[in-house]
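Undergrad: predicted model, plus sequence, below.
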Amino acid sequence: MRYPIWRISVFIAAGIWPLFWLYEAWSSALGPDPGKVLVDRLGLGTLILLLITLCMTPLQKLSGWAGWIAVRRQLGLWCFAYVVLHLAAYCVFVLGLDWSQLGVELRKRPYIIVGALGFLGLLVLAVTSNRYSQRRLGSRWKKLHRLVYGVLGLGLLHMLWIARADLKEWAIYASIGAVLLMLRIPPVMRRLPRLIEKKPVSATKV
């Protein structure tokens, strides 16, 4: 396994937060409605992990270090894990596993449909993130995984619909997402400067 310390660090950093939030909920540190706080934090964690995942390619282009790409798939799978936990927390703490309330929720909160579409997009990306799918799909694999840009748009719209009263935090994530999408434009990507260049070291004469 290449970059084992880097991979383990990502695993610990991503895995520890849901456990910590569950501990806070158990210790009554999340206020009167800990279930809703858990749902919100897991949703925001999904968006943050998605943005971090999209940072990997530009960082690799800038630095020339392959370690960024080495953990990109791992970050993407953690993003999917968070959205699964987000959906599970919603079903348990908001719906109370009462599926008859789902129709009422969809009428009152149509942003749930947007979130569901984003979940389906992440599901497709997670299922096809393995090497078998890459070999099987060939050149179509990259085209399929451009779906991540649509998922980002759905995630930001989902958050915007929820946080309409306070748009400052949303604007920060939307700005980061806009920059990352701009960096994906081929002419911009080709012109990204390398901060670390391998140059031959010439011997100096004394």
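TA: Right, received. Where do you want to start?
Undergrad: model confidence score at the most centrally placed residue in the chain, please.
TA: When Cα atoms, centre = their mean is applied to the chain, the residue found nearest the centroid is residue 50 (1.7 Å). Looking at residue 50, its pLDDT reads 97.
Undergrad: what's the helix or strand for it?
TA: helix 34-63 (DSSP states H and E).
Undergrad: re earlier: so what's the residue count around the residue nearest to the residue nearest to the centre of the chain when sequence neighbours are not counted?
TA: Closest residue in space to residue 50, ignoring its immediate chain neighbours: residue 79 at 5.0 Å, by Cβ to Cβ, 6 or more residues apart in numbering. In this view, the C-beta of every residue, glycine as well, is placed from N, C-alpha and C. Counted with other Cβ atoms under 10 Å, residues neighbouring residue 79 total 27.
Undergrad: got a list of what residue 79 touches?
TA: By Cβ atoms under 8 Å, 6 or more residues apart in numbering, residue 79 lies in contact with 46, 49, 50, 53, 122.
Undergrad: report how many residues lie close to the fourth one.
TA: Spelled out, that is residue 53. Residue 53: 22 neighbours (other Cβ under 10 Å).
Undergrad: hang on, it packs against residue 76?
TA: Yes: proximity of residue 53 to residue 76 meets the contact threshold set by Cβ atoms under 8 Å, at 5.0 Å.
Undergrad: shared neighbours, those two?
TA: Joint contacts of residue 53 and residue 76 (Cβ under 8 Å, 6+ apart) are residue 148.
Undergrad: related to what we said a few turns ago, let me know the closest of the contacts of residue 79 to residue 91.
TA: Proximity of the contacts of residue 79 to residue 91 (Cβ to Cβ) peaks at residue 46, which lies at 15.4 Å.
Undergrad: residue 169 versus the closest one, what's the distance?
TA: 15 Å (Cβ to Cβ, to the nearest Å).
Undergrad: how about residue 66?
TA: Look at residue 66 and residue 169: by Cβ to Cβ, they are 33 Å apart.
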